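Chemist: sequence first, predicted coordinates after that:
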Amino acid sequence: MSAPAVRRPEPKRPEPAAELSATERRAEKARGRIGVGLIVPGFVYLLLFFAAPVFVLLAMSLYAKPPGAETGVFVPAFEISNYAVALSQYWEPLVRSFLFAGIATVLALLIGYTMAYLVAVRLRQHKLLASILLVILIAPFFSSFVLRTQAWKQILADEGFVVEALRFVAILPEDGRLTATSIAVVAGLTYNFLPFMTLPIYASLERLDTRLLEAAGDLYASPMTAFRRVTLPLSMPGVFAGTLLTFIPASGDYINAAILGNNRDTSMIGQVIDSRFFQIVDYPMAAALSTVLMVVILILVMLYIRKFGTKELF
Amino acid sequence: MSTEATTTAATDQQDGGAVVPGASGGADLVIEHVSKRFAAFTAVDDLSLTIPSGSFFALLGPSGCGKSTTLRMVAGLEQPSEGRLRIGDEDVTDLPSHRRPVNTVFQSYALFPHMSVLDNVAFGLKQRKVRDAVARAKEALELVELGHLAGRRPAQLSGGQQQRVALARAVVNKPQVLLLDEPLGALDMKLRRQMQVELKQIQTELGLTFVHVTHDQEEAMTMADVVAVMNEGRIEQMGAPRELYELPRTAFVANFLGKSNLMHGTVVGREGDYLLVEAAGGVQRLRTDRAVAHDGAVVLGVRPEKMRIFTSGEETVPAGHNRLDGTIIDASFTGVSTEYLVDVPGVGTVGTFTQNMGQATGRAGDPAVMCWDPDFTFGLAGDDDVAAGAAERDA
Amino acid sequence: MGLKQRMGRWLVPVIGGLAFVYLLVPIAYIFVFSFNDAARTNLTWQGFTLANWKNPCGAPNICDALGNSLSVAFVATIIATVLGTAIALGLARYKFRFRKLADILIILPLATPEVVLGASLLAQFLNLGWELGYWTVVLSHVTFCMAFVVVTVRARVSALDGRLEEAAGDLYASPRTTFWKVTFPLLLPGVVAAALLSFAMSFDDFIIANFNSGSFDTFPKFIYVAATRGIPAQANVIGSGIFLIALAIVVIGTVVSYRRQKALAAR
Ligand SMILES: Nc1ncnc2c1ncn2[C@@H]1O[C@H](COP(=O)(O)OP(=O)(O)OP(=O)(O)O)[C@@H](O)[C@H]1O
Ligand SMILES: [Mg+2]
């Protein structure tokens, strides 16, 4: 083999935007087809059973009740005033929903982070104990949500020993109670959505390379600083996912409010929507409230993503 | 199909027992005017090569020059934007990767983590429905001395062991062309040398065509029959390692493959087989057949070890030798030798060394005379960039 | 070690431990009260009995509701897992137009609270004039679970080393074989996790089912309705039973993989 002397290449001229060769195009196209083929069925499903329903809901929120019509009869209209009524009449449960959900999210974050950290970092060497605790973490998924909430109601009941004990140490006044209070509702929300907070955080902490902490220690960081500068930032995707997965369902939940609260000053927006739909049969009002709830959540989520968002989340 | 031919050949070898060293089980690989563009960026630029059957071919070049892209196109993992690829007599440009008689040892090994070592090695054979796939996979594992680890998962192997599994997994298929993308990159120096020997042995035993990508020039030179130096998507020069080293044709090759002293000059005449070139304040001689350009501006080059350096002022430059005069900038004694950096007016810094024969060493600031046999001079194009490739070599 | 540091060392285990107790309290309560000798209103402790465990279907309709829930969860999980896995693969691996839009459409259900999802599906079913029952619950649950499947599986797909698939192709495996022999086995843990999550979410859902089930009863709905009159102890039996079965599966799984790892290491 002779050595063909190749002149130095001239400096690269700027190429025009690449046209693909036939082979390249064929490969691209085949891949594109597979990709589209994979998502089309699910996509169609979501159009039919998510996008379309949401659209119907939006439309329904503008329906009007013709004068003198029976209960539950509405006609398509463009009744913007439904929203004014919804907001003026139900701003209280709406605000309360976000407040309760917000407090529950913060509490769940504190508790959930501690649990996830315990299992994923502190007990990393103790495989068996860690996996038992992990089972307990996912256990609530396997025993009914409603049943557990009901159990809380009975545990916290006025004649129950928890209330007796709290009264005894005078944390609660003699006639104080736990059920039918805001505290019980928030505690229930915190409890019920705790796994949604803990598991994503666990997933991101479990991937954490503990050698990084040793490295931080080696570089004179105290354990607290190492946590703040290394562990916490690396677990942010989990925290981010966990807070969203807790806050969103908690703000729409009404089982906790219905079972652990009372009807006067703990009711949440979900309860109102449910009763508008089923007891009062006022579909436009229920739809308008649902729309408001969804819009507010989307705005909050968007603000949150903009402020703290990591790309890799979804 | 040609794959079947290889399979039969392989069976014969096993039945017959003896393996003929150097027997060709491979096929020529022909790359014709192949280019690959990613959007507006050209990764491989009009590349043409013929790699003869049974040879050990090394593709050498700095990071990002398009070596992997070239291999990936040969393997069918990337489609060329232009040009054709042939293996033996078959045009494989439009064949998907699983129909090409080519196997790859990936830089990252890419072992299947959910399969045992043995299943990894048997994978290709099973896909081609070879009868005694498992038995052959075992033999291949023996070949790389890993028979005892057949039942393990890849995650339970050391880096070097994984590398050998990756090799066995590719070699067991007796492909016409075996592509190796920096397969030794992750190994430490000792294991690397050992694997180089083993690889070379396997290649000679099986007679396959190996295309080996590396940016370790020593590795390329010791292992390959033919080395191609690639830069910015093009082949700068290719040939036998010695040929490439002794007679680089571009400044990039001169600097990237070993070191060179390069200087600008102008052809002022001819004398027999030699061109007379005015450079560094004197007339240097350059053999006409070692020059890329024969008139006007040229770049002269000489390898540091071809030069002698006189620092005492007593020695005389042999008649007919080329000569440079300068001042020592730095002299470092390394035991076996002393390395000098010498400032030569009109040229810049020239590097050379002397073997330690007990002579006195020069010191910084001393005048020095350097000379060499004009037959070692090589001539490059006058507009070549004398610094090209130096930074990439040291990277 | 200073006091502060020693406190720091113990703070996490103590608080974490208490949190685990907090998680377990109602589950333990449910378990204990499954042995309560109270026929219908299982509110105060009346004495120990095994009768409830011997006859878990003793309360009227309870096992029908349970069967309904299991059936809905099973069917919805299969549909959601298949569709969601396909979407996850499609979105993570391939480029096409409208990808961003598809991304948003697929994630949006996650940002929609269950009441809103339930209400809008109800509006849609009313609009279409469909009768509420088994299938409307299944369809709603598929929507609800699919986004979780997509997120779970997609994380797995992005973590997958694409070079493994290239290696399979290089070793003569056709794209189809590559998928079934390499891609799918590597995704399987993620797919299984997604399916389990779907199953649990569907089985446990009250709100969406409440909107879209009409007179069709699911297990959570049964309990919610029963709660107003007192929940039968059989509900506790079933709740505890499911928990114990799940616990057993997880423990066995852990032990088996632990053993296998040991065996492999010993080889
Ligand atoms: N899929 C791609 N899209 C865009 N650019 C790419 C792609 N693959 C490679 N490139 C670019 O093409 C050039 C050549 O890449 P290639 O991987 O072939 O380099 P290489 O010679 O193998 O380098 P190394 O020694 O570092 O492995 C690089 O500049 C790289 O950034
Ligand atoms: Mg490369």
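Modeler: Received the coordinates, thanks. Ligands and ions are numbered 1, 2, ... in the order given.

Chemist: surely C:Pro56 and C:Gly241 touch.
Modeler: Yes. Using CB atoms under 8 Å, C:Pro56 is in contact with C:Gly241, at 6.9 Å. Using the backbone N, CA and C atoms, a C-beta is placed for each residue, glycine as well.

Chemist: ok, how many other residues are close to B:Asp91?
Modeler: By other CB atoms under 10 Å in any protein chain shown, the residues close to B:Asp91 number 12.

Chemist: quick check: closest non-adjacent residue to it.
Modeler: B:Arg84 (6.0 Å; CB to CB, 6 or more residues apart in numbering or on different chains).

Chemist: the helix or strand containing the one you found pairs with which strands, parallel or anti?
Modeler: Per DSSP states H and E: B:Arg84 is located in strand B:82-87. The pairing partners recorded for strand B:82-87 under DSSP bridges are strand B:29-38 (antiparallel), strand B:90-91 (antiparallel).

Chemist: can you list the residues that contact that strand?
Modeler: The contact list for strand B:82-87 (CB atoms under 8 Å, 6 or more residues apart in numbering or on different chains) reads A:21, B:2, B:27-35, B:46-48, B:73-74, B:91-93, B:100-102, B:176-177.

Chemist: mind listing what's buried along it?
Modeler: For strand B:82-87, the neighbour count (16 or more other CB atoms under 10 Å in any protein chain shown) marks B:82-83, B:85-87 as buried.

Chemist: quick one: it to chain centroid distance?
Modeler: Strand B:82-87 has its C-alpha centroid displaced from the chain centroid by 22 Å (CA atoms, centre = their mean, to the nearest Å).

Chemist: closest to A:Gln271 out of the buried residues of strand B:82-87?
Modeler: Nearest to A:Gln271 among these is B:Glu82, at 67.2 Å by CB to CB.

Chemist: and the pLDDT at the closest one?
Modeler: If you check B:Glu82, the pLDDT there is 90.

Chemist: same check, this time on A:Thr114
Modeler: 92.

Chemist: one more: B:Gly281?
Modeler: Listed pLDDT for B:Gly281 reads 83.

Chemist: next, the residue nearest to it when sequence neighbours are not counted: secondary structure please.
Modeler: Nearest non-adjacent residue to B:Gly281, counting by CB to CB, 6+ apart: B:Gly346, 5.7 Å away. Applying DSSP: H, G, I helix; E, B strand; the rest coil to B:Gly346 yields a three-state assignment of coil.

Chemist: list the contacts of B:Gly346.
Modeler: Listed by CB under 8 Å, 6+ apart, the contact set of B:Gly346 reads B:263, B:279-281.

Chemist: and the gap between it and C:Ala248?
Modeler: 87 Å (CB to CB, to the nearest Å).

Chemist: give me the residue from the stretch 251-395 of chain B nearest chain C.
Modeler: Nearest to chain C in the stretch 251-395 of chain B, going by CB to the nearest CB, is B:Ala395, at a distance of 24.5 Å.

Chemist: burial of that residue, as a residue count?
Modeler: B:Ala395 sits with 8 neighbouring residues when counted by other CB under 10 Å.

Chemist: can you verify my assumption that it contacts B:Cys65?
Modeler: No. Taking CB under 8 Å as the definition, B:Ala395 is not a contact partner of B:Cys65, at 11.5 Å.

Chemist: so the closest residue in space to A:Gly176 that isn't next to it in sequence versus chain B, what's the distance?
Modeler: Distances taken as CB to CB, 6+ apart put A:Arg167 closest to A:Gly176, at 6.5 Å, once the chain neighbours are dropped. Per CB to the nearest CB, to the nearest Å, A:Arg167 is found 58 Å from chain B.

Chemist: pretty sure B:Thr222 is in a helix, no?
Modeler: Yes. Checked against three-state DSSP, B:Thr222 lies within a helix.

Chemist: per-domain residue ranges of chain B.
Modeler: Here the domain parsing of chain B from automatic domain parsing is B:3-245, B:247-394.

Chemist: mind naming the longest helix for chain B?
Modeler: If you go by DSSP state H, chain B has its longest helix at helix B:189-206.

Chemist: chain center to that one, what's the gap?
Modeler: 15 Å.

Chemist: may I see the buried residues of that helix?
Modeler: Neighbour counts over helix B:189-206 (16+ other CB under 10 Å) mark B:191-192, B:195-196, B:199-200, B:202-206 as buried.

Chemist: within range of chain A, give me the residues from chain B.
Modeler: For chain B, the residues found near chain A under the criterion CB under 8 Å from any CB of the partner chain are B:37-42, B:45, B:50, B:52, B:79-82, B:93-94, B:226, B:231-240, B:243-244, B:247, B:249-252, B:292, B:381, B:384-385, B:388.

Chemist: 7 Å instead, please
Modeler: By the rule CB under 7 Å from any CB of the partner chain, the part of chain B lying against chain A is B:37, B:39-40, B:42, B:45, B:79-82, B:93-94, B:226, B:232, B:234-239, B:243-244, B:249-250, B:252, B:292, B:381, B:384.

Chemist: which of these count as buried?
Modeler: Among the residues of chain B next to chain A, the ones that count as buried by 16+ other CB under 10 Å are B:37, B:42, B:45, B:79-82, B:93, B:226, B:232, B:234-239, B:243-244, B:249-250, B:252, B:292, B:381, B:384.

Chemist: which residue does the stretch 151-300 of chain A bring closest to chain C?
Modeler: The nearest approach of the stretch 151-300 of chain A to chain C comes at A:Gly252, 2.3 Å away (CB to the nearest CB).

Chemist: element containing A:Phe193, please.
Modeler: Following DSSP H and E, one finds A:Phe193 within helix A:182-206.

Chemist: any idea how far that helix is from the chain center?
Modeler: 10 Å.

Chemist: next helix or strand past it?
Modeler: Per DSSP H and E, helix A:182-206 leads on to helix A:210-218 as the next helix or strand towards the C-terminus.

Chemist: neighbouring contacts of that following helix?
Modeler: A:121, A:124, A:226, A:229-231 (CB atoms under 7 Å, 6 or more residues apart in numbering or on different chains).

Chemist: and if we set it to 8 Å?
Modeler: A:121, A:124, A:223, A:225-226, A:229-231, A:234.

Chemist: can I get those residues in JSON lines with secondary structure?
Modeler: JSON lines is the format used below for these (three-state DSSP):
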{"residue": "A:Val121", "secondary structure": "helix"}
{"residue": "A:Arg124", "secondary structure": "coil"}
{"residue": "A:Pro223", "secondary structure": "helix"}
{"residue": "A:Thr225", "secondary structure": "helix"}
{"residue": "A:Ala226", "secondary structure": "helix"}
{"residue": "A:Arg229", "secondary structure": "helix"}
{"residue": "A:Val230", "secondary structure": "helix"}
{"residue": "A:Thr231", "secondary structure": "helix"}
{"residue": "A:Leu234", "secondary structure": "helix"}
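
Chemist: for those, which one is nearest chain B?
Modeler: Nearest to chain B out of the contacts of helix A:210-218 is A:Arg124 (CB to the nearest CB; 17.9 Å).

Chemist: what ranges in the stretch 151-300 of chain B fall below the confidence cut-off?
Modeler: Across the stretch 151-300 of chain B, nothing is flagged by pLDDT under 70.

Chemist: show me what residue of it gets nearest to ligand 1.
Modeler: Closest residue of the stretch 151-300 of chain B to ligand 1, CB to the nearest ligand atom: B:His215 (5.1 Å).
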